[in-house]
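Engineer: have a look at this prediction, sequence included:
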Amino acid sequence: MASNNAVVPQAREALNRYKMEAANEVGVSLKQGYNGDLTSKQAGSIGGQMVKKMIQQVESGMSGGKF
């Protein structure tokens, strides 16, 4: 069964920073903690931006340690 616990504790903090950056880039305001009031479109925009950034980093060979 899958767990929501990070194998590397610092990974959760890094992913949260990454999510905040992506949200800022697409113009969505996130608050610390619960963000269940976001629309599906807003949440999808953030997730899509995160994936886009991750792909760009891997393609440029600079994925070491950013996320």
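Structural biologist: The structure has been received and is ready for your questions. Numbers count the residues shown, from 1 in each chain.

Engineer: tell me which residues in whichever strand or helix holds Ala14 are buried?
Structural biologist: Assessed by DSSP states H and E, Ala14 sits inside helix 9-25. Across helix 9-25, burial judged by 16 or more other Cβ atoms under 10 Å covers 18-20, 22-23. C-beta here means a position set from N, CA and C on the backbone, and glycine is covered the same way.

Engineer: max pairwise distance over those residues: which two?
Structural biologist: Tyr18 and Ala23 (9.7 Å; Cβ to Cβ).

Engineer: list the contacts for the residue most central in space within the chain?
Structural biologist: Central residue of the chain (Cα atoms, centre = their mean): Lys19, 2.9 Å from the mean position. Each residue near Lys19 by Cβ atoms under 8 Å, 6 or more residues apart in numbering is listed here: 30, 46, 50.

Engineer: do that again at 10 Å, thanks
Structural biologist: Applying Cβ atoms under 10 Å, 6 or more residues apart in numbering to Lys19 gives the contacts 30, 35, 46-47, 49-50, 67.
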